[in-house]
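Undergrad: based on what follows, work out the 3D shape:
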Amino acid sequence: MTQLTLQKMISPRQMAFKRIPTLKMRKFIDSINDEALKASLKTVYDAEINN
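TA: Okay, here's the model as predicted:
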């Protein structure tokens, strides 16, 4: 399977998440003051990484 075929199988949205370094993203999420927003962002980000 070629690299291009693999890239087409992965959605652009997932690719965008993969480009953000995990630690930087976690630091950004931790820096948010709103607890509800922080919790939902963390959930979404973890789900994207694990897919």
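Undergrad: low-confidence ranges in this protein?
TA: 1-20, 51 (pLDDT under 70).
Undergrad: pull the longest helix from it.
TA: helix 35-50 (DSSP state H).
Undergrad: which of the residues in that helix are buried?
TA: residue 45 (16 or more other Cβ atoms under 10 Å). The way it works is simple: take the backbone N, C-alpha and C, and place the C-beta from them, glycine included.
Undergrad: which strands or helices does that helix pack on?
TA: helix 12-19, helix 22-30 (3 or more Cβ pairs under 8 Å, 6 or more residues apart in numbering; DSSP states H and E).
Undergrad: specify the angle between the last one and helix 35-50 in degrees.
TA: Angle, helix 22-30 to helix 35-50, by axes from the mean of the first three to the mean of the last three Cα atoms, to 10 degrees: 160 degrees.
Undergrad: just the buried positions in helix 22-30, please.
TA: 25, 29.
Undergrad: if anything else comes up later, I'll come back, but that's it for now.
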